[in-house]
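> output the structure for:
(2 chains)
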There are 2 protein chains.
Amino acid sequence: MTHTTIESDDTKDLLSAAQVMKKIRTAQERLAGHARVTPVLTSTTLEQRVGHAVFLKCENFQRVGAFKFRGAFNAMSALPREQRERGVLTYSSGNHAQAIALSGRLLDTPVTIVMPHNAPEAKLAATRGYGARVVLYDPDSEERETVAASLPDAARMTLIPPFDHYEVIAGQGTAAVELLDQIDAPAQRTIRRLLVPVGGGGLLAGCATAVKALAPDVEVIGVEPERADDAARSFRSGRLERIEHADTIADGTRTPSLGVRNFALIRELVDDIITVSEDDIRAAVYFLFQRMKIVVEPSGALGVAAMLAGATGSPSASGVIISGGNVDNTLFANIISSS
Amino acid sequence: MTHTTIESDDTKDLLSAAQVMKKIRTAQERLAGHARVTPVLTSTTLEQRVGHAVFLKCENFQRVGAFKFRGAFNAMSALPREQRERGVLTYSSGNHAQAIALSGRLLDTPVTIVMPHNAPEAKLAATRGYGARVVLYDPDSEERETVAASLPDAARMTLIPPFDHYEVIAGQGTAAVELLDQIDAPAQRTIRRLLVPVGGGGLLAGCATAVKALAPDVEVIGVEPERADDAARSFRSGRLERIEHADTIADGTRTPSLGVRNFALIRELVDDIITVSEDDIRAAVYFLFQRMKIVVEPSGALGVAAMLAGATGSPSASGVIISGGNVDNTLFANIISSS
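Okay, the predicted model is just below:
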């Protein structure tokens, strides 16, 4: 694991939170009837354990099994038809790949996806199953951006990157809008805090934008693994920090750094970014299996991990984004049998 | 496995379907605010696989992880307070035990539960965790009814058996009422069939009563394991058939025969009872894990097993009761890693 610090000068096209909120509203319209309105689950056991109300927004039940469908479908829908017909290109270690693949099928758009050869088998199979062309690369020796750019037909295709993109951020933000709409609770159960997993920061940036526009008193907290704490470091230093090849079970958070656009929104809108250990993450996946009967991938369990580990500070009624459920069966079997 | 045939003369106190439907309506009132209104999930992949609309009523998200809470809480609520204070007694291999234990805690009623010593560890622990007194017995050498009756304080307690009891049947029936209320679908997706797992028949009898009262055109089909097909045999022969110690992974269906009250309703109202293999059940548990991200115990997956195995006859938009999610972690790990 290496830590480097970069500073970005890519600030000329940054949008304001208000502009992004407008995009979130448009995204809602585009997603209506295509994305699922995922259920919000509660658990008496969980509430007793943590001492406050908890509402889990279950994006593991989203199409392709993760919130990523929201951003991918929104970004692809935003393209003019002629541009879509020339094809869409992306790179992803997992859920964004499936999300782009399914969006391509739904929007009749050919897609090419650059994926690491060691991506979870379930994710590779699902992506191919949606009809996408998959190009594998070796993450130890190649940069995925370079592999994508050097494809013979790269020039004619439109790149929809996994997180550093405003239409993607806007799509992900619709998850928080929906959650706020769905919680119909008496005053003492009104949420004061939203916990959101952080990988590249698209979900966190989008949700923070939505929450601060619609319910500005609600704290927005990012959660990431200790072993992939580039976002927490960046949040504290004010500079975009990188961690290459983070060694965490939460594969959705192994992105080396936040996106530039995401970071700008996160710095402005997010209240804190906290971290959890690998054991905390495993314990949360097991709890969600055993007590709540839902299948959650390690990255998706970060918010619950933070609550169960007591890392969230003062007890406050909380919303939690469960970001996805795409976990390899052998890994899941290992986690639940060793807990 | 032995097969015997018994005939019952216990018909003097049988209620009509209309009388049971009235009890279901009362049960709904008693359960409001106590039982969860469990979500109904759909899956594009499942619908593509089976060729018709499918609505899964997820009672694995019910309190204690199974529909059994509905019947147990309803039956206990129906008792006069003085009677509750003297205690409630039951026997159960699993989910009914937890359901009675939690109901006892909620209704401030002491409970004693006779459980087989080889019940899944998760179920024993959860039952004790709710504060119940657990009495273990050896199912190979003792009858649970006899063990219960011979407890020193058995006489003062009220027995709430797991299925052969009208308040229990009525409670379970509320799951189907709820499902019918929740499905808000265009005409071509209106359900024509409801698939219900069968163990002792409380869930099937209750759901059939509700469906035939509220949506008489909807077929009601029971599903049980081939290896525990006492209900299917009884349905065909018209006599209550028994299978002792059925060797099936679906532990919730190992009850040797239907209840007398349940059988009377099932004969009158149910359209068919079909069976699935052990492999079908495993495949369904794996599908629900991998594609739908939900944890379902083998008995709870019977309806999906029947659909995926093509055992349900003509394609028709279907409701399915997912009856529970209480599965031992080692068994679940085994099923998902060997699929």
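> stretch A:56-68 and chain B in contact?
Yes. Residues of stretch A:56-68 contacting chain B under Cβ under 8 Å from any Cβ of the partner chain: A:N60, A:F61, A:R63, A:G65. In this view, the C-beta of every residue, glycine as well, is placed from N, C-alpha and C.
> my read: the first one touches A:I322, true?
Just to be clear, that refers to A:N60. Yes. Counting by Cβ atoms under 8 Å, A:N60 does reach A:I322; the two are 5.4 Å apart.
> neighbour count winner among those two?
More neighbours surround A:I322 than the other of A:N60 and A:I322, with 33 against 26 (other Cβ atoms under 10 Å in any protein chain shown).
> in space, what's closest to whatever residue of the stretch 51-200 of chain A ends up closest to chain B - neighbours in sequence excluded?
Using Cβ to the nearest Cβ, the closest approach of the stretch 51-200 of chain A to chain B is made by A:N60 at 4.4 Å. Leaving aside its chain neighbours, A:N60 sits nearest to A:G325 (2.9 Å; criterion: Cβ to Cβ, 6 or more residues apart in numbering or on different chains).
> now do the same contact list for that neighbour.
With contact taken as Cβ atoms under 8 Å, 6 or more residues apart in numbering or on different chains, A:G325 is in contact with A:N60, A:F61, A:G65, A:A66, A:I294, A:V295, A:V296, A:E297, A:G300, B:K293.
> picking up where we left off before, for the residues of stretch A:56-68 next to chain B, which single residue is the most surrounded?
The most crowded member of those, judged by other Cβ under 10 Å, is A:G65 (29 neighbours).
> ok, it touching A:I322?
No. Using Cβ under 8 Å, A:G65 is not in contact with A:I322; the gap is 10.9 Å.
> so which elements touch the biggest helix by length in chain A?
Longest helix in chain A, counting residues (DSSP state H): helix A:166-182. In terms of contacts (3 or more Cβ pairs under 8 Å, 6 or more residues apart in numbering or on different chains; DSSP states H and E), helix A:166-182 is packed against helix A:17-31, strand A:54-58, helix A:68-77, strand A:193-197, helix A:202-214, helix A:260-269, strand A:318-322.
> give me the neighbour count for the closest residue to A:Q28 other than its chain neighbours.
In space, and not counting its chain neighbours, A:Q28 is closest to A:T174: 5.2 Å by Cβ to Cβ, 6+ apart. Neighbour count for A:T174, taken as other Cβ under 10 Å: 27.
> now swap in A:S141 and tell me
By other Cβ under 10 Å, 6 other residues sit near A:S141.
> how is it assigned, secondary-structure-wise?
At A:S141 the chain is in coil, as set by DSSP: H, G, I helix; E, B strand; the rest coil.
> so where do the helices sit in the stretch 201-339 of chain A?
A:202-214, A:230-237, A:260-269, A:278-290, A:302-308, A:329-337 (DSSP state H, counting those that start in this stretch).
> can you give me the buried ones in the third one?
Judged by neighbour count using 16 or more other Cβ atoms under 10 Å in any protein chain shown, the buried positions of helix A:260-269 are A:V260, A:R261, A:N262, A:F263, A:A264, A:L265, A:I266, A:L269.
> and the longest helix of chain A, how far out from the chain middle?
11 Å (Cα atoms, centre = their mean, to the nearest Å).
> next up, the contacts around A:L331.
Here A:L331 is in contact with A:P120, A:I249, A:P298 (criterion: Cβ under 8 Å, 6+ apart).
> pick out the residue nearest the middle of chain A.
Closest to where the C-alpha atoms of chain A average out (Cα atoms, centre = their mean) is A:L203, at 4.5 Å.
> separation between that one and A:K68?
For A:L203, the distance to A:K68 equals 9 Å [Cβ to Cβ, to the nearest Å].
> what residues does chain A have near chain B?
Chain A comes close to chain B at residues A:39, A:41, A:44, A:60-61, A:63, A:65, A:122, A:286, A:289-290, A:292-296, A:325, A:329-330, A:332-334, A:336-337, A:339, as judged by Cβ under 8 Å from any Cβ.
> which of those residues count as buried?
A:39, A:41, A:60-61, A:63, A:65, A:122, A:286, A:289-290, A:292-296, A:325, A:329, A:332-333, A:336.
> ok, now which ones touch the residue of the stretch 51-200 of chain A closest to chain B?
A:N60 touches A:A66, A:I294, A:V295, A:V296, A:E297, A:G300, A:I322, A:S323, A:G324, A:G325, A:N326, B:K293, counting by Cβ under 8 Å, 6+ apart.
> and what of A:L214?
Taking Cβ under 8 Å, 6+ apart, we find A:L214 in contact with A:V177, A:L180.
> over to A:V223?
A:195-198, A:273-276, A:302-303, A:305-306, A:311.
> highest neighbour count among the residues you listed?
A:V198 (34 neighbours).
> for that residue, give its distance to A:R70.
Remark: distance between A:V198 and A:R70 (Cβ to Cβ) = 16 Å.
> okay, domains of chain A per the record?
A:2-66+A:165-338, A:69-159 (automatic domain parsing).
> endpoint to endpoint, the last one covers what distance?
To tie it back to what came earlier, the one meant is domain A:69-159. Start-to-end span of domain A:69-159 (Cα to Cα, to the nearest Å) is 16 Å.
> report the buried residues of stretch A:45-57.
So stretch A:45-57, judged by 16+ other Cβ under 10 Å, has buried residues A:L46, A:E47, A:V50, A:H52, A:A53, A:V54, A:F55, A:L56, A:K57.
> returning to that earlier point: now, which of the contacts of A:V223 sits nearest A:S150?
Among the contacts of A:V223, A:V198 lies closest to A:S150 (Cβ to Cβ), at 29.7 Å.
> how far does stretch A:231-247 sit from its chain's centre?
Centroid displacement of stretch A:231-247 relative to its chain, using Cα atoms, centre = their mean, is 16 Å.
> can you list the buried residues in it?
Those would be A:A231, A:A232, A:R233, A:S234, A:F235, A:L240, A:E241, A:R242, A:I243, A:A246, for stretch A:231-247 by 16+ other Cβ under 10 Å.
> I'd like these laid out as a markdown table, including distance to A:Y130 and pLDDT.
Formatted as a markdown table, these follow (distance: Cβ to Cβ, whole Å; pLDDT from 0 to 100):
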| residue | distance to A:Y130 | pLDDT |
| --- | --- | --- |
| A:A231 | 29 | 97 |
| A:A232 | 34 | 98 |
| A:R233 | 35 | 98 |
| A:S234 | 33 | 98 |
| A:F235 | 35 | 98 |
| A:L240 | 32 | 96 |
| A:E241 | 34 | 96 |
| A:R242 | 31 | 95 |
| A:I243 | 30 | 94 |
| A:A246 | 27 | 91 |
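> spatially, which two of those are the most separated?
Pairwise distances across these (Cβ to Cβ) peak at 16.2 Å, for the pair A:F235 and A:A246.
> thinking again about what came up before, just the residues of stretch A:56-68 next to chain B now: which is nearest B:E219?
A:F61 (27.6 Å).
> OK, now which residue of the stretch 151-300 of chain A is nearest to chain B?
Closest point on the stretch 151-300 of chain A to chain B, by Cβ to the nearest Cβ, is A:K293, at 3.5 Å.
> residue contacts, that residue?
Here A:K293 is in contact with B:N60, B:F61, B:G65, B:I294, B:V295, B:V296, B:G325 (criterion: Cβ under 8 Å, 6+ apart).
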